[in-house]
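>>> can't give you the sequence, but here's the structure:
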């Protein structure tokens, strides 16, 4: 089990990365956040590809491992990351801003497998079902509630994207149980709710999927529009150094560093404030190593007076999306990419 994480719930296991432990572009498996909805499955029966296809497929993990290998470096972020900072508060796991991480995922691409099954005309979506099952938390007091599997769908054109991956390795080692072993989905740029773990079924659909985790949960619902399933990751930054509560010395240079990412367009600018957002200085941003991972940035600051400071970082992407001081409120607290201040002291 992941050891260097902050536990949010034990049953099911939910834990977030300790941000000060993030060193380099990759997050170690031991430090990688965990998001589960039900207990970790005790067995995995294999993968079935069915639905609106001409050829039903049944595959074991060795069958999948024999297919062409592909490795992608991808930043995964839980849609609830930052929920604890939404006001008014939303129900659900009260994530800080550590429900995010970047890893190298190795597996085989989904698209050739779907083409091998030969998709029938009229198909519009692809459904992904995990082996994990149970009664959703919001229905736990309903005696008539039936257990369900965790399941999400993607539009067919997105599922056929060249870089949607069936992954069985993470950072060069077999997936850990809490990260979806032996097989999980990786969907770059989308919130990690799309990255179904313990994947047992891929079903091609000729109609829209309206399951619980598609139409009721993991939707953006602000009371002004119809609820929308979550899609691409909103632009965001985290500060990893100095850590919350750090004590610095007056007159001594300090390196403020962290990471920024966006599922919509590449990050082009990161700014840092040391006075709670009254003024901003531009950070030095590393070149993106690939299309799907965060960038590392840093800025040097020398405090000239003792006191308490609120450090902030905000990112802007190539589509001109900039991290807001206050994100749009929504009932379930999703996609809260607000700037989060880090309090430190100078003596």
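All right, it came through fine. Predicted model only: the values in this text are computed from it and were never measured.

>>> what about residue 71, which SS state?
strand (DSSP: H, G, I helix; E, B strand; the rest coil).

>>> domain assignment for the chain?
For the chain, automatic domain parsing gives the domain ranges 5-229, 236-346.

>>> need these in TSV (columns: mean pLDDT).
Shown next, in TSV, are those (pLDDT from 0 to 100):
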stretch	mean pLDDT
domain 5-229	95
domain 236-346	95
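
>>> show me where the stretch 1-150 of the chain has helices.
Here the stretch 1-150 of the chain has its helices, by DSSP state H, counting those that start in this stretch, at 61-65, 110-117.

>>> reformat these as JSON lines; add distance to residue 290.
Just so you know, the C-beta spots here come from the backbone N, C-alpha and C atoms, and that holds for glycine as well. Below are the helices of the stretch 1-150 of the chain laid out as JSON lines (distance: least, C-beta to C-beta, whole Å):
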{"stretch": "helix 61-65", "distance to residue 290": "23"}
{"stretch": "helix 110-117", "distance to residue 290": "18"}
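
>>> deepest-packed of the ones you listed, please.
The highest mean neighbour count among the helices of the stretch 1-150 of the chain, using mean count of other C-beta atoms under 10 Å, belongs to helix 110-117: a mean of 17.

>>> quick one: list the elements packing against that one.
With contacts taken as 3 or more C-beta pairs under 8 Å, 6 or more residues apart in numbering; DSSP states H and E, helix 110-117 sits against strand 47-51, strand 57-59, helix 156-159, strand 165-170, strand 199-205.

>>> and the first one, what does it pack against?
I take that to be strand 47-51. strand 57-59, helix 110-117, strand 199-205.

>>> which residues sit against the first one?
With contact meaning C-beta atoms under 8 Å, 6 or more residues apart in numbering, strand 57-59 is reached by 46-50, 113, 116-117.

>>> for these, which one is nearest residue 345?
Residue 345 lies nearest to residue 47 out of the contacts of strand 57-59, by C-beta to C-beta, at 52.6 Å.

>>> dump the residue contacts of the closest one.
Counting by C-beta under 8 Å, 6+ apart, residue 47 has contacts 57-60, 64, 166, 183, 199-202.

>>> one more: residue 64?
Contacts of residue 64 (C-beta under 8 Å, 6+ apart): 47, 107-108, 166, 168, 183.

>>> if we go to 7 Å?
Neighbouring residues of residue 64 by C-beta atoms under 7 Å, 6 or more residues apart in numbering: 47, 108, 166, 168, 183.

>>> do the same with residue 195
Residue 195 neighbours (C-beta under 7 Å, 6+ apart): 76, 184-187.

>>> swap the cut-off to 10 Å and go again
Residues counted as contacts of residue 195 (C-beta atoms under 10 Å, 6 or more residues apart in numbering) are 35, 74, 76, 78, 105, 128, 152, 164-165, 167, 179-180, 184-188.

>>> go ahead and confirm residue 234 touches residue 265.
No. Using C-beta atoms under 10 Å, residue 234 is not in contact with residue 265, being 11.2 Å away.

>>> the more surrounded of these two?
With neighbours defined as other C-beta atoms under 10 Å, residue 234 and residue 265 compare such that residue 234 has more, 26 against 15.

>>> leaving out chain neighbours, which residue sits closest to the more buried one?
Excluding the flanking residues, the one nearest residue 234 by C-beta to C-beta, 6 or more residues apart in numbering is residue 337, at 4.2 Å.

>>> touching, the one you found and residue 83? I think so.
No. At 11.4 Å, residue 337 does not count as touching residue 83 under the criterion of C-beta under 10 Å.

>>> okay, and the common contacts of these two?
residue 97.

>>> residue 224 is nearest to which of the helices and strands packed on strand 47-51?
Residue 224 lies closest to strand 199-205 among the helices and strands packed on strand 47-51, at 29.2 Å (C-beta to C-beta).

>>> now for that closest one, which elements pack on it?
If you count contacts as 3 or more C-beta pairs under 10 Å, 6 or more residues apart in numbering; DSSP states H and E, strand 199-205 packs onto strand 47-51, helix 110-117, strand 125-134, strand 148-155, helix 156-159, strand 165-170, strand 184-186.

>>> compute the inter-axis angle for that strand and strand 47-51.
Calculated by axes from the mean of the first three to the mean of the last three C-alpha atoms, to 10 degrees, strand 199-205 forms an angle of 10 degrees with strand 47-51.

>>> and strand 199-205 with strand 148-155, angle?
Using the same axes, to 10 degrees, strand 199-205 lies at 50 degrees relative to strand 148-155.

>>> partner strands of strand 199-205 and their direction?
If you go by DSSP bridges, strand 199-205 pairs up with strand 47-51 (parallel), strand 125-134 (antiparallel).

>>> out of those strands, deepest packed?
By mean count of other C-beta under 10 Å, the strands paired with strand 199-205 have strand 125-134 as the most buried, with a mean of 22.

>>> angle of it against helix 110-117?
For strand 125-134 against helix 110-117, the angle by the same axes, to 10 degrees is 110 degrees.

>>> show me how far strand 125-134 is from its chain's centre.
17 Å (C-alpha atoms, centre = their mean, to the nearest Å).
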